[in-house]
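K.L.:
sequence unavailable; structure follows:
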């Protein structure tokens, strides 16, 4: 065991079992949560957590800062809302369509954007997502600033009546766990190791014989699809798709969630998303200006604990592990 | 605080009352969130649905005989004001709407000191999901009986469907979309102030009748601008005016020179801006820089609030014509309210804020008259009693749940004419309700059909 830990410090048994404990505890908490907290709020947290995890896959593990993820999130929301409401598709098919469209968009965005790095990559994704925003503003099926409203909940697989908040919650939880498991698997796979290698030093990865562009493209498509899954789920939960989800502010919000929680950690984005959504929801009924409060928290976070909440906990837990 | 399924006997009794007394319309709504375990088990345990229904009928008669205080759910009438408290719309509604609602509750207390009223507020941050989430929680957990203001089309439509499902009253102030009392109208959703049709139709009908019959439109290139223009052109062709064309500028552009030049060369008698906020300010600045204010073309803003004029200043906004449902300097009553509001907020109330006052007061009066806060009984009273306050005199709700009141065509004064703070408008004409509203016969609202077939 000790040998193993020395040889592979990241997957040592100590951390491994602790992670398993954390996961199990988290899952139990998630199963019990709707009896303690308001389910609609929890579903929103889960949707944004999945969105932030998808985004984190790209920035935390492949080192690509996309500033246009709202395009996937928002378009998928529109697709899910439109297919379910207007074409009367079952919710599962609506979600599949939403994920597929987001994945395809990810492919197009990726093909254009991954040729550049750093700020150029961010700007290209931002520009492309602004194009999507203007499409959403103009296309007749999105209904402009009214959005698509009153999307029926329907029955999942013809079995589960999503009009019941608890059923809906567990469906959303299952989607989240599925998405999270996929990200977990990706990060811990050889593919994930290559992504990390690219993040650390791309020329070296190239010199080792990896076609880095392909790896980055696959990561981008995967991230976009999962962001789309999150967006589609959110549209079904709230029964609406609106322009909010495609604006660049939404792209900024997911960056904020990821940075607050801890970039490059698996749980960080979940915590960050929960924090931001909680603030947005609970500050809504106070007299505090919400954006200002969230902005202040962000500034404090960047100044005081730069690794984010989870990143800082991991770094200070005595493991001496770098947040690499 | 956020615990679901809070047990509260009085609310159950009330819900039961509503279910049995209610029409079949309420029966098939998704009651997913509000169905309480006792109710479900009652259904399950009873042998037939008829048994359950008769049990409910008995309970309804029992609760009908109790004193009126028990008819108010939780013993408190809770009103929720939800709007944009921190963003672009916070100036014209925002915290000012909360002040207006407080003043309304204050005035109601003078009439009925023993009825408890609570006010809740929330900032939807212009996000439809936050709006619908807050309203769901308000209704499910906090026992809110009525929701008012909203002021953002997407958020309003989201709240409309939540309130429809849960059979709660929601009253909209500055919500432009015609969908709210059109295709997506609801038996419990009321438009108090205006919609885009009022904003467009009122000035066109008035100005065309004065001979200003050719119009050119400068509009923001998205659904709002396009709808405003197509609606305007439709009304123009109906009443014999003509459209000299329209030009659409990108959302949020800062350079209006080419659009203003096109407007100028169109030779139209009226130039109408179908954009709002910052874009209107920028367009008006450039309008003046081009010396258009000295020309003969009349300039109309299709959507403008008093706070927009205040932030532009009369130097820029002078001569701009617009339509408003209410202005604080109309008569002694409105001025009195304006001064009261000014003491709290240090600025004059806008039309949406006055509408919130009027809506909250009328709702509370209807609750008092009905002796209960159960939705159907209160809606009944809100319809049967005319609204009679400084906002609207003798106005009534019509079948598509719009409050029918007069509008005013106003023009921004020259800077020299502005005597006191916030005295920006001169009232050019009163537009009677008959000219300002979409005729019910053209309404897309499904409620209109059912109402007329019932009669």
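P.N.:
Perfect, I can see it now. Just so you know, these numbers come straight off a predicted model, no measurement behind them. Numbering: from 1, shown residues only, chains lettered A, B, ... in the order given.
K.L.:
quick one, strands of the stretch 51-200 of chain B?
P.N.:
Along the stretch 51-200 of chain B, counting by DSSP state E, counting those that start in this stretch, strands occupy B:77-83, B:117-123, B:146-149, B:169-172, B:189-191.
K.L.:
next one: the stretch 301-450 of chain B
P.N.:
Using DSSP E, counting those that start in this stretch, strands in the stretch 301-450 of chain B cover B:321-324, B:396-397, B:403-404, B:407-412, B:425-431.
K.L.:
same question, chain A
P.N.:
A:155-156, A:160-161 (DSSP state E).
K.L.:
what's the closest of the ones you listed to chain B?
P.N.:
strand A:160-161 (8.4 Å; Cβ to the nearest Cβ). (C-beta placed from N, C-alpha, C; glycine too.)
K.L.:
among the strands of the stretch 51-200 of chain B, which is nearest chain A?
P.N.:
strand B:117-123 (4.5 Å).
K.L.:
what pairs with the closest one, parallel or antiparallel?
P.N.:
Sheet pairing for strand B:117-123, assigned by DSSP bridges, gives strand B:77-83 (parallel).
K.L.:
list the buried ones in the partner strand?
P.N.:
Residues B:77, B:78, B:79, B:80, B:81, B:82, B:83 are the ones in strand B:77-83 that count as buried (16 or more other Cβ atoms under 10 Å in any protein chain shown).
K.L.:
the nearest residue in space to residue B:145 that is not next to it in sequence: neighbour count?
P.N.:
Closest residue to residue B:145 apart from its sequence neighbours, by Cβ to Cβ, 6 or more residues apart in numbering or on different chains: residue B:373 at 4.6 Å. Counted with other Cβ atoms under 10 Å in any protein chain shown, the neighbours of residue B:373 add up to 26.
K.L.:
pLDDT at residue B:373, what is it?
P.N.:
You'll see residue B:373 listed with a pLDDT of 90.
K.L.:
ok, and the closest non-adjacent residue to residue B:164?
P.N.:
Spatial nearest neighbour of residue B:164, excluding adjacent residues (Cβ to Cβ, 6+ apart): residue B:186 at 4.1 Å.
K.L.:
which ones are touching residue B:341?
P.N.:
Going by Cβ atoms under 8 Å, 6 or more residues apart in numbering or on different chains, residue B:341 touches B:96, B:99, B:100, B:103, B:328, B:348, B:349, B:353.
K.L.:
buried among those? Make that a ChimeraX selection.
P.N.:
Remark: buried members of the contacts of residue B:341, expressed as a ChimeraX selection using 16+ other Cβ under 10 Å:
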select /B:96,99,100,103,328,348,349,353
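K.L.:
below-threshold pLDDT in the stretch 51-200 of chain A: ranges please.
P.N.:
Along the stretch 51-200 of chain A, no part satisfies pLDDT under 70.
K.L.:
so what's residue A:232 up against?
P.N.:
Residue A:232 makes contacts with A:76, A:77, A:79, A:80, A:94, A:95, A:97, A:98, A:99, A:102, as judged by Cβ under 8 Å, 6+ apart.
K.L.:
so can I have a markdown table of the residues you listed showing neighbour count?
P.N.:
Formatted as a markdown table, the contacts of residue A:232 follow (neighbours: other Cβ atoms under 10 Å in any protein chain shown):
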| residue | neighbour count |
| --- | --- |
| A:76 | 35 |
| A:77 | 35 |
| A:79 | 27 |
| A:80 | 32 |
| A:94 | 26 |
| A:95 | 26 |
| A:97 | 20 |
| A:98 | 33 |
| A:99 | 25 |
| A:102 | 33 |
